[in-house]
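Engineer: Attaching a predicted model along with its sequence, questions to come.
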Amino acid sequence: MLEIKPKFHLSLPSLSLRQPKTLQLSPVVDDDDELTTAVQTDPIDHDDNWQLTDRPDEAELDQFWTKVEDDISHDPSWFKFDS
């Protein structure tokens with residue numbers, strides 16, 4: 001009869017109590033991609049014109065979502081489940 005003898009060779013990582021070397025990162029390379037260029041050339045005060053109101057403009061939201069729904073419904077790959 002075949003007898004299987006379990007042999008476990010489990011090696012654990014060694015833990016060191018001495019101070020590890022500090023992590024050194026390489027410098028960032030500017031590759032002049034489109035996103036980097038857009039971020040660097042965007043004016044600093046461009047995005048601070050937000051104004052919060054207590055209640056949203058319901059007509060504007062309804063008009064926006066109607067346009068989104070209409071755009072999606074005209075997509076040939078869109079499938080509508082409820083009809």
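Structural biologist: Noted; the coordinates are in hand.

Engineer: so is the residue nearest to the spatial centre of the chain in a helix, a strand, or just coil?
Structural biologist: Centrality entry for the chain: nearest residue to the mean C-alpha point is L35, 15.1 Å, by C-alpha atoms, centre = their mean. Per DSSP: H, G, I helix; E, B strand; the rest coil, the secondary structure class of L35 is helix.

Engineer: And it, what's its pLDDT?
Structural biologist: The model reports L35 with a pLDDT of 83.

Engineer: Now for this structure, the helix or strand with the poorest mean pLDDT.
Structural biologist: helix 34-41 (a mean of 80; mean pLDDT, DSSP states H and E).

Engineer: wait, isn't W78 in contact with I72?
Structural biologist: Yes - contact criterion C-beta atoms under 8 Å: W78 and I72 qualify, at 5.5 Å. Glycine gets a C-beta too; all of them are placed from N, C-alpha and C.

Engineer: ok, back up a step: show residues contacting the least confident helix or strand of the chain.
Structural biologist: The contact list for helix 34-41 (C-beta atoms under 8 Å, 6 or more residues apart in numbering) reads D30.

Engineer: And it, what's buried?
Structural biologist: Within helix 34-41, no residue counts as buried by 16 or more other C-beta atoms under 10 Å.
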